[in-house]
Each structure stands twice: as C-alpha cells, then as structure tokens.
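A.B. asks: Only the shape, not the letters, is given here:
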C-alpha cells in the first residue's frame with residue numbers, strides 16, 4: 001500500500017478522497033467507488049501503486065493519438081480499477097477486477113524501473129492506459145517526474161474525470177492528454193458512467209490544453225442507441241471546435257459489443273461516417289474513424305491542399321509526407337506533429 005496524497009480527514013475516521021470528481025466519502029476499512037483506494041484507520045491508501053496488470057510496447061496510434069509523434073514507440077502500462085465502470089467497457093476484466101484479491105498476482109514495477117524499461121526499448125515515452133490512469137495518480141506522478149528528467153514524454157489515456165487539484169499537480173509533467181467524450185448530455189453520462197454531470201470533464205479538457213499546454217485529442221466511441229444521436233453529436237462537435245479549437249483531432253470509433261452490452265451490434269459504418277460528417281460540418285479539420293481498419297478516414301490529409309500526408313491501416317503508418325510540422329507539399333502548418 002502507498003499513502004494517498006489527495007484526501008481530507010472527516011469525523012469518525014471517515015475520509016473524503018479528492019482524486020476524482022466523485023470525491024467519495026469512505027468509511028474505515030472500506031474502499032472508494034473505484035476499489036483502488038482504501039481507508040485504514042482514518043488514512044487513505046492507494047492499493048495499486050506500481051501494480052501492473054498490463055504492459056507492452058505499442059505505437060502511439062493505438063491510443064489513439066494521431067498528431068503526436070506519429071509512429072513512435074511507447075511503454076504502455078495499466079493497473080486495476082475504474083471510477084466509471086462503463087457497461088460496454090472493452091477492458092472490463094481489469095476495470096471491474098476485485099482489486100484486493102487480484103493484487104498478489106500483479107507484477108510490481110517501480111517508477112525507476114518503468115523509466116529504465118522505456119529507455120531500454122527506445123520508447124518516446126510512457127503512456128498510462130488500459131484502465132483509468134487517474135487511479136494510479138501517485139504512481140504516475142512519481143513516474144512522470146522521473147521520465148521528464150530522463151528525457152521521456154508522458155501520456156494519459158483518460159476519461160478526464162480527475163479533480164482540478166489532481167490535474168494541476170500532474171500538469172507540469174504530462175505532455176499529451178487523450179481523453180474520452182462519451183456523450184454530450186448529463187443523461188448520456190449518467191447512463192454510461194453513472195455520474196450526474198460532465199461539466200467538470202469539459203473544464204479539465206480546456207485546462208489541460210490551454211493552461212498546461214498539453215496536446216489534446218478526443219475520442220468518442222459510438223454505441224448504437226446510447227450516444228449516437230445526431231443532436232448530441234452536433235453539440236459535441238461544436239464544443240470541440242469552439243472550445244478546444246478546429247484543429248483538435250476527434251476520433252469517432254466503432255463500438256465492439258462487450259461485457260454488459262454484448263447483445264448490441266457493432267456500430268454501423270454509415271453511422272460512423274455520419275458522425276465524421278457532423279464533425280467536419282462543425283468546422284473540425286481532423287475527424288478520424290476508428291476500429292474500421294482500412295477505412296480512408298484513418299488517414300491525415302492537409303486541410304489546405306488536400307494531399308495525403310499520413311496513410312494508416314489500423315495502427316500502422318504506411319506513408320508519411322510531413323516536413324516537420326508542415327505539409328510536405330504546400331507547407332501548410334499542421335496541428336500537433338511534434
């Protein structure tokens with residue numbers, strides 16, 4: 001166990017966790033909603049510090065991040081637990097794991113070892129992914145500080161539901177923020193994530209980009225009948241364009257039936273293409289489709305001259321025609337591409 005940093009002691013040895021926006025009040029010997037933090041005698045502890053459920057070297061495109069060092073290799077790491085518990089989660093085995101019972105089977109990787117492994121495998125950086133990285137916050141903070149000292153970059157693949165306190169302490173050490181927008185209404189977020197509002201998520205996305213200077217890309221996994229309504233997608237696309245900027249990449253991805261939504265069908269390609277059209281109509285310059293290998297909307301085109309800049313098939317980069325951060329044909333500046 002590792003002492004938690006963001007919590008407040010209350011009466012009768014109850015504590016209030018200040019890591020995510022649920023701000024759970026946790027009685028002694030009990031865990032929070034995420035199952036990854038436990039109150040022991042009036043003090044809060046992380047159960048998963050350094051405990052790795054999943055780890056591999058993977059390309060940045062799998063996050064997906066398409067405008068952040070394309071083709072680079074990343075040490076991708078995940079642990080256990082989640083603060084959303086979505087019914088169609090593709091990683092439900094680790095997100096909904098019985099954390100305390102699973103811990104003995106997990107490998108411990110110290111922040112020093114994570115940095116060493118990333119360097120040995122010639123990675124561009126470390127990505128915290130697979131389960132919600134916010135739950136690993138103390139570990140990712142320690143690792144991110146060491147990664148920066150070693151010349152590595154860092155990335156969160158996140159639902160962006162962390163508190164502003166957590167974001168601001170991590171902000172100086174985090175380079176990229178690949179965040180979910182699961183819908184654009186309180187009703188949709190209640191249905192998917194069991195939270196009462198998503199306004200704090202929007203504020204975090206703006207703060208990550210403008211206050212901390214992180215590279216931000218957005219993903220929306222379209223689930224048939226749940227978050228694929230045209231009205232909501234139009235509102236979402238408009239918000240991304242107006243508040244994060246028209247050059248913000250938006251990934252509209254195909255839902256693959258899983259867990260408690262296994263009875264649904266995969267998202268029709270036509271519905272994904274409709275979502276992409278909505279994004280483009282709203283003014284977004286880079287709207288990608290995901291989980292449809294070989295679809296032309298996996299590729300990056302120059303918004304000025306229209307030439308193909310990056311050809312992708314699934315997570316593989318086949319062609320690359322950028323000159324630094326500019327179109328290799330007309331010289332137009334392309335957002336991101338560090």
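C.D. replies: Yep, that arrived. The structure presented is a predicted model; accordingly, all values stated were derived computationally and were not measured. Residues are numbered from 1 along each chain as shown.

A.B. asks: Can you tell me the SS state at residue 271?
C.D. replies: Following DSSP: H, G, I helix; E, B strand; the rest coil, the label given to residue 271 is helix.

A.B. asks: residues touching it, list them.
C.D. replies: Contacts for residue 271 (C-beta atoms under 8 Å, 6 or more residues apart in numbering) come out as 222, 224, 228. From N, CA and C alone the C-beta is placed, and that goes for glycine too.

A.B. asks: What of residue 286?
C.D. replies: Going by C-beta under 8 Å, 6+ apart, the list of residues near residue 286 reads 66, 67, 247, 248, 249, 250, 300, 303, 335.

A.B. asks: Any regions of this protein where pLDDT drops low?
C.D. replies: Counting by pLDDT under 70, the ranges of the chain that qualify are 338.

A.B. asks: hmm, 80 instead?
C.D. replies: By pLDDT under 80, the low-scoring segments of the chain are 337-338.

A.B. asks: And the helices in it?
C.D. replies: Per DSSP state H, the chain carries helices over the ranges 92-95, 99-102, 111-120, 137-149, 164-170, 186-193, 199-206, 230-239, 269-282.

A.B. asks: In JSON lines: the ones you listed, plus distance to residue 129.
C.D. replies: Output for these, formatted as JSON lines (distance: least, C-beta to C-beta, whole Å):
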{"stretch": "helix 92-95", "distance to residue 129": "11"}
{"stretch": "helix 99-102", "distance to residue 129": "18"}
{"stretch": "helix 111-120", "distance to residue 129": "13"}
{"stretch": "helix 137-149", "distance to residue 129": "11"}
{"stretch": "helix 164-170", "distance to residue 129": "15"}
{"stretch": "helix 186-193", "distance to residue 129": "18"}
{"stretch": "helix 199-206", "distance to residue 129": "17"}
{"stretch": "helix 230-239", "distance to residue 129": "22"}
{"stretch": "helix 269-282", "distance to residue 129": "22"}
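
A.B. asks: Narrow the contacts of residue 286 to those in strands?
C.D. replies: When DSSP state E is applied, the contacts of residue 286 are split such that 250, 300 fall in strands.
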